[in-house]
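K.L.:
structure, please.
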Amino acid sequence: MSGIKHIANSIRANYRYVVLFLIIFYAVGITGLSISATRPFFIYLTPFALLLSSFIVALFHSKFSAKTIVVFIFIYAASFIVELIGVNTGSIFGNYTYGHGLGVKLVNTPLIIGLNWLLLVYVSNSVMELTTWNPVVKVFGASFLLLVYDVLLEQVAPQFAMWTFSESAVPVQNYVAWFLLALLFSLVINLLKINIKNRIAPVVFGIQALFFAALLLTLN
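P.N.:
Below you'll find the predicted structure:
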C-alpha cells in the first residue's frame, strides 16, 4: 500500500509533466480520429482513454473517505441506470442507440458510461472550486459546464460510434435531461461536502472540451 502511495505522490509532484502528457495524449487522439485510415483503431481505444483520464484524476484526489466512495458509487450506479432506462425506452434522452465506441455493454448500455458521468461531474465541479462563488451558483455553474460540454460532444459522437439519435437532430429533451442529471449529482456533491478540489481535474475538463471542439472543426 505504501508503494502505491509513493507512486501517487511522485506523479502528483510532477504535475507539469502530467499536464504535458495529457496534452500530447489528446493531441495524438485528435490526429488519429481525424484520419479515416486510423479512425477505427482510435475509436477502439476510446474506453481506455476514458479509464486513463479517470485514473489520473483519481491520483490527484486528496482523500478517499468512506463517504466519498459511497457518493462516487452512487453517481456511477445512478447514471448507469438512467442511461440504461434511457437507451431502452427513449423516455429520458430521446430515441438513441449506443455504438461500439464505448466498449462492452450490458442491456444495450456501455458499462463505462457511468464512469464517464462520474468523471465529468467530478471535473466540472472541480472547475467551480476555482471560484469564490456561493454553493448554489457553483452547482448551477458545474451543470451548465456539462451542458456546454454535451453540446460539443453530441456533434461528433455518431461519427465515433459512441451513440446515435434516431432523429436527424439531437432532441432538446436530451439537453434538458443532461442538465438536470448534472444538477442532481452536483447537488449531492455539494450538500454532502465532498472534497473535489483537485489540481488536475480542471485541466482534464478543459483538454477534453478542446478535444471535442477540435474534432468538430477537423471533421467539418
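
K.L.:
run through who's touching the helix or strand harbouring A58.
P.N.:
A58 belongs to helix 46-59 when elements are defined using DSSP states H and E. Helix 46-59 is contacted from outside by 8, 11-12, 18, 22, 25, 29, 101-103, 110, 112, 115-116, 118-119, 122-123, 160, 162, 198, 200-201, 204, 208, using CB atoms under 8 Å, 6 or more residues apart in numbering. In short, each C-beta sits where N, CA and C put it, glycine included.

K.L.:
narrow these to those in helices?
P.N.:
8, 11-12, 18, 22, 25, 29, 115-116, 118-119, 122-123, 201, 204, 208 (DSSP state H).

K.L.:
which of those has the most neighbours?
P.N.:
When neighbours are counted by other CB atoms under 10 Å, V123 leads those with 28 neighbours.

K.L.:
relative to V176, how far out is I92?
P.N.:
10 Å (CB to CB, to the nearest Å).

K.L.:
err, V204, not the other one
P.N.:
Counting by CB to CB, the gap from V204 to V176 is 26 Å.

K.L.:
quick one, strands of the chain?
P.N.:
Taking DSSP state E as the criterion, the chain contains strands spanning 96-98, 105-106, 109-110, 163-165.

K.L.:
quick one on the thing from earlier: and of the ones in helices among the contacts of helix 46-59, the nearest to K63?
P.N.:
A8 (11.7 Å; CB to CB).

K.L.:
show the contacting residues for the closest one.
P.N.:
Listed by CB under 8 Å, 6+ apart, the contact set of A8 reads L59.

K.L.:
look up the closest residue to F41, ignoring the ones flanking it.
P.N.:
Of all residues not flanking F41 in the chain, G32 sits nearest, at 7.0 Å (CB to CB, 6 or more residues apart in numbering).

K.L.:
residues near the one you found, how many?
P.N.:
As a burial measure, G32 scores 16 neighbours (other CB under 10 Å).

K.L.:
local confidence estimate at it?
P.N.:
Model confidence at G32, given as pLDDT, is 97.

K.L.:
residue contacts, it?
P.N.:
By CB under 8 Å, 6+ apart, the contact set of G32 is T38, R39, F41, F42.

K.L.:
neighbours of the first one, how many?
P.N.:
When neighbours are counted by other CB under 10 Å, T38 registers 12.

K.L.:
the contacts of G32: which two are farthest apart?
P.N.:
Maximum pairwise distance among the contacts of G32 (CB to CB): 7.3 Å, between R39 and F41.

K.L.:
which of these two has more neighbours?
P.N.:
More neighbours surround R39 than the other of R39 and F41, with 15 against 11 (other CB under 10 Å).

K.L.:
verify the contact between that one and L33 for me.
P.N.:
Yes - in this structure R39 lies within contact range of L33 using CB atoms under 8 Å: 5.6 Å.
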